[in-house]
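Enquirer: need coordinates for the below:
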Amino acid sequence: MPPLSKIDDVGLKILFLLIPGIIAFGIVKSIGPKRPRSDFESGLQIFIYGVICYLITGFFEGIYLWISPTTGKEFWQTVIGNALGLATLNPTNGLDAIQIFLTTICALFVGCIVTALRQNSFPHRLFVRKLGLKRIGEVDIWDLTLNSPDIDHWATVRHHDNGLVYQGYVWGYSDGGDERELLMTQVIVFAKSGESEELVMVDTIPVLYLGLDRKNTVLEFRAV
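Expert: Predicted structure coming up:
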């Protein structure tokens with residue numbers, strides 16, 4: 001019976017370790033770029049997010065303990081030891097309800113920060129592009145183009161099927177699938193005048209949804 005009790009205790013700690021990871025992963029998946037992930041990749045990210053959340057919580061808890069006059073230890077010994085002990089489920093470190101609650105709150109911020117970094121492709125701009133490599137963080141060139149901070153979101157869309165040209169601000173776009181969709185605002189619509197190739201303005205639309213065929217559509221952007 002004692003070994004079984006110990007296993008249950010470890011399993012419960014692992015479960016609490018995964019809870020903040022699941023929360024952070026859920027935020028990234030819901031508001032971040034919709035990218036296909038395998039079950040292994042999803043599970044690995046949940047585990048890593050959980051470890052990071054407990055590491056951050058342990059770091060600030062270590063600072064609080066170091067400030068306490070009863071500690072009597074050096075700063076890095078207290079802070080790093082507490083952070084690593086909490087993140088690695090050290091059996092000598094306790095895991096109480098307050099730590100779990102604070103780590104859950106931390107997961108909300110971690111999820112939002114990771115989402116912001118991924119939406120702006122910050123890791124790739126910082127490391128990959130600085131090394132002169134051409135690898136991108138997005139699924140395809142569609143995501144790379146519409147998510148690039150170097151490209152202005154005021155766009156010209158030339159629709160070859162109906163001959164219309166749309167100019168406006170790209171407010172949103174589809175990702176993670178085969179369909180290509182745009183949500184544009186402040187749109188001006190142009191059409192050909194008679195048999196000539198001259199374009200004339202025919203309409204203005206505050207908000208416009210466009211379902212695009214990649215083979216018959218051209219998007220034109222300008223640099224920021």
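Enquirer: got the buried residues for whichever strand or helix holds residue 172?
Expert: Applying DSSP states H and E as the criterion places residue 172 in strand 165-173. Within strand 165-173, the residues that count as buried by 16 or more other C-beta atoms under 10 Å are 165-168, 170, 173. Glycine gets a C-beta too; all of them are placed from N, C-alpha and C.
Enquirer: quick check, nearest of those to residue 184?
Expert: The closest of those to residue 184 turns out to be residue 168 (C-beta to C-beta; 4.0 Å).
Enquirer: and residue 25, what helix or strand is that in?
Expert: Per DSSP H and E: helix 2-31 holds residue 25.
Enquirer: so what are the sheet partners of the strand holding residue 172 and their directions?
Expert: Using DSSP bridges, strand 165-173 pairs in its sheet with strand 151-159 (antiparallel), strand 180-192 (antiparallel).
Enquirer: mean pLDDT lowest for which of the ones you listed?
Expert: Comparing mean pLDDT across the strands paired with strand 165-173, the lowest value falls on strand 151-159: a mean of 85.
Enquirer: contacts for that one next, please.
Expert: Contacts to strand 151-159, defined as C-beta atoms under 8 Å, 6 or more residues apart in numbering, come from residues 145-146, 165-171, 182, 184, 210, 212, 216-224.
Enquirer: redo that, cut-off 6 Å
Expert: Strand 151-159 is contacted from outside by 165-167, 169-170, 217-222, 224, using C-beta atoms under 6 Å, 6 or more residues apart in numbering.
Enquirer: in a markdown table, list these along with pLDDT and distance to residue 199.
Expert: Listed next are the contacts of strand 151-159 as a markdown table, based on pLDDT from 0 to 100; distance: C-beta to C-beta, whole Å:
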| residue | pLDDT | distance to residue 199 |
| --- | --- | --- |
| 165 | 90 | 6 |
| 166 | 91 | 11 |
| 167 | 91 | 10 |
| 169 | 91 | 19 |
| 170 | 89 | 20 |
| 217 | 77 | 16 |
| 218 | 84 | 14 |
| 219 | 85 | 16 |
| 220 | 86 | 13 |
| 221 | 84 | 18 |
| 222 | 75 | 18 |
| 224 | 59 | 25 |
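Enquirer: which of the residues you listed lies closest to residue 55?
Expert: residue 224 (36.2 Å).
Enquirer: CA atoms only: put the strand holding residue 172 into CSV for me.
Expert: Provided in CSV are the C-alpha atoms of strand 165-173 (Å, rounded to 0.1, in the frame of the first residue of the first chain):
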residue,chain,number,x,y,z
VAL,A,165,-10.7,45.1,-58.4
TYR,A,166,-11.1,45.7,-54.6
GLN,A,167,-9.0,48.2,-52.7
GLY,A,168,-9.2,48.3,-48.9
TYR,A,169,-7.8,47.3,-45.5
VAL,A,170,-7.4,43.6,-44.7
TRP,A,171,-8.9,43.3,-41.3
GLY,A,172,-8.8,39.5,-41.1
TYR,A,173,-8.0,36.4,-43.1
